[in-house]
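[1] Sharing a model that was predicted from the sequence below.
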Amino acid sequence: MTIAPDCPSDAPDGALPSSADRPDGGGNAAGHPGPAAVAGAGDHGPETGVVGAGGAERSPFVAALGFAVRRWLDWPRDLAVTLIGVSVATLSDVLTPLVAGRLISDVTQGAPSVSSVIGDGAAHHALADAKWMLAAMAGLGLVSLLGRRASFLGITWLTVNMMRDVAQTSFARLQRFSTDWHANTFAGSTVRKLTRGMWAIDALNDNLLLMLVPEMLVLTGTTLVLGWHWPVMGLLLGGMSVVFVALSCVLTLRYVAPGARKANRWDSRVGAALADAITCNPVVKAFGAEEREEARLGRTLAIWRKRTGRSWTRGTNSGNVQNLAVTVMRVVLASCVVWLWWNGRAGPGDVAYVLTMIFLVQGYLRDIGQQVSVVQRSVNEMEELVAIWNQPPAVADVPGARPLVITRGEIRFEHVLFHYKGQTGPLFRDLDVEIPAGSRVGLVGPSGSGKSTFTKLLQRLYDINGGRILIDGVDIATVQQSSLRAQIAIVQQEPILFHRSLAENIAYARPGASQAEIERAAELANASGFIDRLPQGYDTLVGERGVKLSGGERQRVAIARAFLADARILILDEATASLDSESEALVQEAMERLMRDRTVIVIAHRLATVVGLDRILVFERGVVREDGPHVELIRLEGGLYRRLYELQSL
Ligand SMILES: Nc1ncnc2c1ncn2[C@@H]1O[C@H](COP(=O)(O)OP(=O)(O)OP(=O)(O)O)[C@@H](O)[C@H]1O
Ligand SMILES: [Mg+2]
């Protein structure tokens, strides 16, 4: 918990300062076009429902506020401790001046110099009362201290619990978003949205629960007390306070928040641009393009600067208007009381009393204005996170989906229609393919003809637009995705490894595999040789995405994973592409073993890999042009396979 407004340098990713460190937000109303490529064209999610004026602007704000309130209710005990603590502390603070006032009157009544006048009995009575008042003061001080302590402890646990839950659940949701979503979203900007949203909860809780709630309570109480003494003035003050709070809210929601939202979007883009350039650092180095990348980031930062500057200026403008409103209020109320005095309806004491009240209330109103703007900023910072929460996963399990059990491994594509979003036409139209259980099929064809997509559809990484895909006669759209994918082993074209030990990377296919099983799999994949030569062997960390291994080594680790997975269906997407001839021969032999008794799909550009398979499907622009074993296809006069084969034999 930090009482100071959200401190982004605390945030785990510690990227650029968010718009939160300065007096809040406004933005570029001009709608700057900006470098679209850097801006993350097609960056999904929070764009929805943001653009547009008036009511349309408010909905993401209200959604984010509602989101926070619902998260509070998940922790009723912590919330109750906070609210009770803060109310008790506020009440004792309000009562303390009353006790102090009575103590003053006790001491003025019972002072030794006046005891001769009022009599010893009265003086003693005053002394006894003064002692009680002292005790009450101490008691109230203690209660206030305990109340404050309870509220701070309550809010500490409320906030960390909420932050933990939000991070955990957001991560769970993100992981389940479709391959398409991940392909279209910058990892860096997602990380930024998530961490910024997490830390915004901290600022929101502090300002709403610890400050705004007690301030509103005291303001209401003070106005009521004034109204009790002097109904007209009370009514006037109450009415003006309501107008002031309404003005603050309108300014915040209609003027400051939309600008802050734009600034935040550019803040996410800065995160995305940074992450993109840093991840691709090897390419940047290879082309000596450091300065180009700096200029590119500079363009994003220039727009970020403009929008964030405008956002903060709007915050300052809003603050100035609020202060002006407070000043006007003071002058109107003071004029009223002077007018009453002129008409003989108020004495000098009344004037002094009303002026004191005005100054008191004015202080509260200023504080409330500030808290409202901090709340606005926090809620704005949560909006992009909430948009992620509210986004349904594109590929979802149907209600009541059951786990798939693959026993034989028969695959059937029936009239499959598939269209990538962003492509002009469908890739597959009425695609019919049948792969009997236990058969080994090669997919060949020119680059971009749909071979990888075919295997992605089999794993249901994308939903098809028509037709059905069946495994063992079960439509894969009706089963749990996780069970489907867990039973299909795959060695990708470009294997990605975790920055974890080699043993963990291999065992990823089967958590809980023994060291002996891991080593056996590595041996079968022809990976044990290079692993044994590493000083830390199976405990070696492989670097982010496996960058500390060579391409061929990475591939062999992925093959070892597939050995360990022991799935009925095996997909090898260019699995031997990065191997030298010697290791390829060894892997080929190992793969022969691995392929036994499984349904295997082998994608290969080098046709030597598929020559020995049962059958070869030749893809061209999403259509299966030829289908048959090598010996048959090679005989086809003018056939595509034959042409490709002849080209490679040259
Ligand atoms: N996520 C995507 N969004 C839009 N289009 C895509 C996406 N992935 C692939 N494509 C397009 O679909 C077509 C088929 O791609 P696919 O990766 O299946 O080809 P491939 O046959 O595996 O090619 P290669 O031999 O080069 O690996 C290509 O035109 C490609 O640009
Ligand atoms: Mg491919």
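    In hand now; what should we look at? Ligands and ions are numbered 1, 2, ... in the order given.

[2] Strands along the chain, start to end?
    411-418, 428-435, 440-444, 466-471, 474-475, 488-491, 569-573, 599-603, 615-620, 623-628 (DSSP state E).

[3] model confidence over the last one, on average?
    In this model, strand 623-628 carries a mean pLDDT of 91.

[4] That one vs strand 440-444, what angle?
    Following axes from the mean of the first three to the mean of the last three CA atoms, to 10 degrees, one obtains 140 degrees for the angle between strand 623-628 and strand 440-444.

[5] Not counting strand 623-628 itself, show me its contacts.
    Residues outside strand 623-628 that contact it (CB atoms under 8 Å, 6 or more residues apart in numbering): 429, 431, 433, 445, 615-619, 633, 636, 639-641. No exception for glycine: its C-beta is placed from N, CA and C like everyone else's.

[6] now do 10 Å
    413, 427-434, 441, 443-445, 449-450, 454, 614-620, 632-636, 639-642 (CB atoms under 10 Å, 6 or more residues apart in numbering).

[7] What's the ChimeraX syntax to select whichever of these are buried?
    For the buried members of the contacts of strand 623-628, the matching ChimeraX selection, counting by 16 or more other CB atoms under 10 Å, is:
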select :413,427,428,429,431,433,441,443,444,445,449,450,454,615,616,617,618,619,633,634,639,640,641,642
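
[8] Find the residue at the geometric middle of this structure.
    Nearest to the geometric centre of the chain sits residue 194, at 2.5 Å (CA atoms, centre = their mean).

[9] Spatially nearest residue to that one (excluding sequence neighbours)?
    Distances taken as CB to CB, 6 or more residues apart in numbering put residue 170 closest to residue 194, at 5.4 Å, once the chain neighbours are dropped.

[10] That neighbour touches residue 196, doesn't it?
    No - checked against CB atoms under 10 Å, the pair residue 170 and residue 196 is beyond contact range at 11.6 Å.

[11] and these two? which has more neighbours close in?
    residue 196 (28 against 19; other CB atoms under 10 Å).

[12] What sits closest to the more buried one if chain neighbours are left out?
    residue 381 is the one closest to residue 196 (CB to CB, 6+ apart), at 5.1 Å.

[13] and that neighbour, how far is that from residue 193?
    Residue 381 sits at a distance of 9 Å from residue 193 (criterion: CB to CB, to the nearest Å).

[14] which residues are common contacts for the two?
    Joint contacts of residue 381 and residue 193 (CB under 10 Å, 6+ apart) are 264, 267.

[15] how many neighbours does residue 631 have?
    Other residues close to residue 631 by other CB under 10 Å number 8.

[16] Quick check, pLDDT for it.
    90.

[17] Give me the phi and psi for residue 510.
    Residue 510 adopts backbone torsions of phi -150, psi 90, taken as degrees, to the nearest 10.

[18] Start at 46, not 1
    Will do, 46 is the new start, and the previous item becomes residue 555.

[19] and the nearest residue to it once chain neighbours are set aside, what is it in contact with?
    The shortest distance from residue 555 to any residue other than its chain neighbours is 4.8 Å, reached at residue 609 (CB to CB, 6+ apart). With contacts defined as CB under 10 Å, 6+ apart, residue 609 is in contact with 534, 551-555, 558, 562-563, 565-567, 569-570.

[20] out of those residues, which one sits closest to ligand 1?
    Proximity of these to ligand 1 (CB to the nearest ligand atom) peaks at residue 534, which lies at 18.2 Å.

[21] Beta-bridge partners for that closest one, please?
    Beta bridges link residue 534 to residue 615, judged by DSSP bridges.

[22] Please report how far the nearest residue to residue 316 once chain neighbours are set aside lies from residue 343.
    The shortest distance from residue 316 to any non-neighbouring residue, by CB to CB, 6+ apart, is to residue 237 (3.2 Å). From residue 237 over to residue 343 the distance is 18 Å, taken as CB to CB.

[23] Tell me which of those two has more neighbours.
    Shown here are residue 237 and residue 343; by other CB under 10 Å, residue 237 has more neighbours (27 against 11).

[24] My guess is that one contacts residue 349. True?
    No - using CB under 10 Å, residue 237 is not in contact with residue 349, being 11.8 Å away.

[25] any shared contact partners between those two?
    Shared between the contact lists of residue 237 and residue 349 (criterion: CB under 10 Å, 6+ apart) are residues 61, 312, 313, 314, 315.

[26] Residue 307 is in contact with the third one, correct?
    It stands for residue 313. No - the pair residue 313 / residue 307 is not scored as a contact, 11.0 Å apart, by CB under 10 Å.

[27] What ranges in the protein fall below the confidence cut-off?
    Of all residues in the chain, those with pLDDT under 70 make up the ranges 46-103, 155-164, 620-629, 631-632, 635, 695.

[28] Close to ligand 1: what parts of it are there?
    228, 465, 467-468, 472, 492-498, 538 (CB under 6 Å from any ligand atom).

[29] got the contacts of residue 609 as CSV, with neighbour count and distance to residue 288 columns?
    Below are those laid out as CSV (neighbours: other CB atoms under 10 Å; distance: CB to CB, whole Å):
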residue, neighbour count, distance to residue 288
534, 24, 68
551, 29, 68
552, 22, 66
553, 17, 62
554, 21, 66
555, 18, 67
558, 18, 69
562, 16, 73
563, 25, 71
565, 16, 77
566, 26, 73
567, 26, 74
569, 22, 78
570, 28, 74
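
[30] Throw these into a markdown table and include distance to residue 265, thanks.
    Supplementary listing: the contacts of residue 609 in a markdown table, determined by distance: CB to CB, whole Å:
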| residue | distance to residue 265 |
| --- | --- |
| 534 | 66 |
| 551 | 65 |
| 552 | 62 |
| 553 | 59 |
| 554 | 63 |
| 555 | 63 |
| 558 | 64 |
| 562 | 69 |
| 563 | 67 |
| 565 | 73 |
| 566 | 70 |
| 567 | 71 |
| 569 | 75 |
| 570 | 72 |
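
[31] Nearest to residue 408 among those?
    Comparing the contacts of residue 609 against residue 408 with CB to CB places residue 553 closest, at 59.9 Å.

[32] And the closest one, how close does it get to residue 454?
    From residue 553 to residue 454 the distance is 22 Å (CB to CB).

[33] out of the shared contacts of residue 237 and residue 349, which are inside helices?
    312, 313, 314, 315 (DSSP state H).

[34] what would those residues look like in TSV with neighbour count?
    Formatted as TSV, those follow (neighbours: other CB atoms under 10 Å):
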residue	neighbour count
312	28
313	26
314	24
315	23
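
[35] Weed out the non-buried ones from the residues of the chain next to ligand 1.
    So, of the residues of the chain next to ligand 1, 472, 494, 495, 496, 497, 498, 538 end up buried under the neighbour-count rule (16+ other CB under 10 Å).

[36] count of neighbours near the spatially closest residue to the third one that is not a sequence neighbour?
    Read that as residue 495. Residue nearest to residue 495 in three dimensions, not counting chain neighbours: residue 667, with 4.5 Å by CB to CB, 6+ apart. Neighbourhood size, residue 667 [other CB under 10 Å]: 19.

[37] Thought residue 473 was touching residue 667, still the case?
    Yes - applying CB under 10 Å, one finds residue 667 in contact with residue 473, separated by 4.9 Å.
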